[in-house]
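Chemist: Would you be able to build a 3D model of this:
(chains A, B, C and D)
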Number of protein chains: 2
Amino acid sequence: MPRTGLSAEELKQTAVRIASARITSQGYARLRMTDVAAEIGVSHAALYAHFRDKAALLDAVVDCWLITARHRLKEIAEGPGSAEDRLETFFVERVRLKREGARRDPELHEAYCQVSDRLRDVVTGHLDDMQATIAVLLRQTIPTLADPAHAAAVLQTALIGFNHPRLVRDFLHIDDATTERRLRDTLRTMLRGLRADPTA
Amino acid sequence: MPRTGLSAEELKQTAVRIASARITSQGYARLRMTDVAAEIGVSHAALYAHFRDKAALLDAVVDCWLITARHRLKEIAEGPGSAEDRLETFFVERVRLKREGARRDPELHEAYCQVSDRLRDVVTGHLDDMQATIAVLLRQTIPTLADPAHAAAVLQTALIGFNHPRLVRDFLHIDDATTERRLRDTLRTMLRGLRADPTA
DNA sequence: CAACTTTCACTTTCCGTAACTTGTAACTAA
DNA sequence: TTAGTTACAAGTTACGGAAAGTGAAAGTTG
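Modeler: Residues are numbered from 1 along each chain as shown, chains lettered A, B, ... in the order given. Coordinates of the predicted model:
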């Protein structure tokens, strides 16, 4: 039993929780391993037994949020309703979650932007997962699609303006209804295009 | 006749040229009114007779480049070939110009990003002009379109990942051929979608 | 009198230095 | 022997004062 009374997993989760709270209250730029460690009651060096480096702690913080989002979006993708409705709801909800997150907690969103900018595994893995889900939904929506994976990639490209973390932040000044309307217009136009030529 | 021997317009253009060169050689962040003025051979305060403030000089620098791009793109839009070919070439060339600019002169591109981030008139005006041109090309490409202006806006949204100054810079690591292929795929999917339902 | 310069107040940046932070290795305690 | 701590080097940030920059107004020059 470790001297802290916490298992390795418990200590990791405590560190993530504390780091997350400190980012929210003091800003992304002021996150210190020394502060997190002090709040747990260990030396800062002890954290390196659990996280490879500071960036790994940040990854873990962001991953916590991405996991929550993934679960919510998986529920939608696998829930009731037509494939096309689920696909549309998936995209709308994904944007809504992101905008809400960026608005409610801009510093945690900045952490996400930083991790995303550096193409860290937690984010690229998340994007791969999302894209795979979109491909599945596309195949269900347009069964004649020759290459659903390619179509998913093109669709993601067309919707990057709604989903890219930095653009999400930059476009928060545009109201939710307008954003959602444009998202639906763009998505529907893409789907009609994919349907019109499923071999492309 | 002014003491510098330059007309007001000549002095402005000299200032823009010098500022542009200094941004390129020393970086956007190190542009100083005092340096530009010294290079012209006037006091820094004399520049304020020609530019409202430093931001206005920056606007003029960026506008210089935007005007060049606009001319090139207008040539394409009004040149030979089918409307659809012109439309596609317009988008491909626009992206090519931006990527080339960002690659060849990253500091001037940063100036553009800053001016764009602040939603300065020179950039919003440029975007309006581009969108109007796109609407014209769309009407020629799909004459049944109920609202070409709206369709142009939706199309711009779908292609923002290729055109947004900061994303242009971030995606330079992706090779030109891949970028162009994805751009054409996305554009063609959108056009098929617009054609499939021109009232949307 | 137009086109400058000089001067000024305020703001921003630079710079040297001290303090802090990160990550590692040796050491210690339970 | 695991789970820490301490000490350290190298790197980064904070800070205060000096220097420089911005923009406006008064003054000067051709």
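
Chemist: Return the distance of residue A:26 relative to residue A:165.
Modeler: Applying Cβ to Cβ, to the nearest Å, the value for residue A:26 to residue A:165 is 20 Å. The way it works is simple: take the backbone N, C-alpha and C, and place the C-beta from them, glycine included.

Chemist: Which of the two has more residues huddled nearby?
Modeler: With neighbours defined as other Cβ atoms under 10 Å in any protein chain shown, residue A:26 and residue A:165 compare such that residue A:165 has more, 20 against 13.

Chemist: Next up, the contacts around the more buried one.
Modeler: Going by Cβ atoms under 8 Å, 6 or more residues apart in numbering or on different chains, residue A:165 touches A:98, A:102, A:109, A:112, A:113, A:116.

Chemist: Run a quick neighbour tally on the residue nearest to it when sequence neighbours are not counted.
Modeler: In this structure, residue A:165 finds its nearest non-sequential neighbour in residue A:113, 4.5 Å apart by Cβ to Cβ, 6 or more residues apart in numbering or on different chains. The number of residues packed near residue A:113 is 20, by other Cβ under 10 Å.

Chemist: Run through the residues that contact residue A:113.
Modeler: Neighbouring residues of residue A:113 by Cβ under 8 Å, 6+ apart: A:165, A:166, A:169.

Chemist: What of residue A:110?
Modeler: Residue A:110 neighbours (Cβ under 8 Å, 6+ apart): A:27, A:28.

Chemist: And what about it, helix, strand or coil?
Modeler: Of the three states, residue A:110 takes helix under DSSP: H, G, I helix; E, B strand; the rest coil.

Chemist: Equivalent analysis for residue A:174, please.
Modeler: Following three-state DSSP, residue A:174 is assigned to coil.

Chemist: Pull stretch A:63-81 out as PDB, backbone CA atoms only.
Modeler: Provided in PDB are the C-alpha atoms of stretch A:63-81 (Å, rounded to 0.1, in the frame of the first residue of the first chain):
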ATOM      1  CA  ASP A  63      -9.000  12.600 -22.400                       C
ATOM      2  CA  CYS A  64     -11.300  12.700 -19.400                       C
ATOM      3  CA  TRP A  65     -13.500  15.200 -21.300                       C
ATOM      4  CA  LEU A  66     -13.200  13.400 -24.600                       C
ATOM      5  CA  ILE A  67     -14.300  10.100 -23.100                       C
ATOM      6  CA  THR A  68     -17.500  11.800 -21.800                       C
ATOM      7  CA  ALA A  69     -18.200  13.300 -25.200                       C
ATOM      8  CA  ARG A  70     -17.600  10.000 -26.900                       C
ATOM      9  CA  HIS A  71     -20.000   8.200 -24.700                       C
ATOM     10  CA  ARG A  72     -22.700  10.700 -25.400                       C
ATOM     11  CA  LEU A  73     -22.100  10.600 -29.100                       C
ATOM     12  CA  LYS A  74     -22.000   6.800 -29.100                       C
ATOM     13  CA  GLU A  75     -25.400   6.700 -27.500                       C
ATOM     14  CA  ILE A  76     -26.800   8.900 -30.300                       C
ATOM     15  CA  ALA A  77     -25.100   6.800 -33.000                       C
ATOM     16  CA  GLU A  78     -26.500   3.600 -31.600                       C
ATOM     17  CA  GLY A  79     -29.800   4.900 -30.400                       C
ATOM     18  CA  PRO A  80     -33.300   4.900 -32.000                       C
ATOM     19  CA  GLY A  81     -34.400   6.600 -35.200                       C
END
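
Chemist: what pLDDT does residue A:199 get?
Modeler: Residue A:199 is assigned a predicted lDDT (pLDDT) of 83.

Chemist: so residue A:37 is in which element?
Modeler: helix A:33-40 (DSSP states H and E).

Chemist: which helices and strands sit right next to that helix?
Modeler: Applying 3 or more Cβ pairs under 8 Å, 6 or more residues apart in numbering or on different chains; DSSP states H and E, one finds that helix A:33-40 contacts helix A:8-26, helix A:54-77.

Chemist: Perfect, I'm done here.
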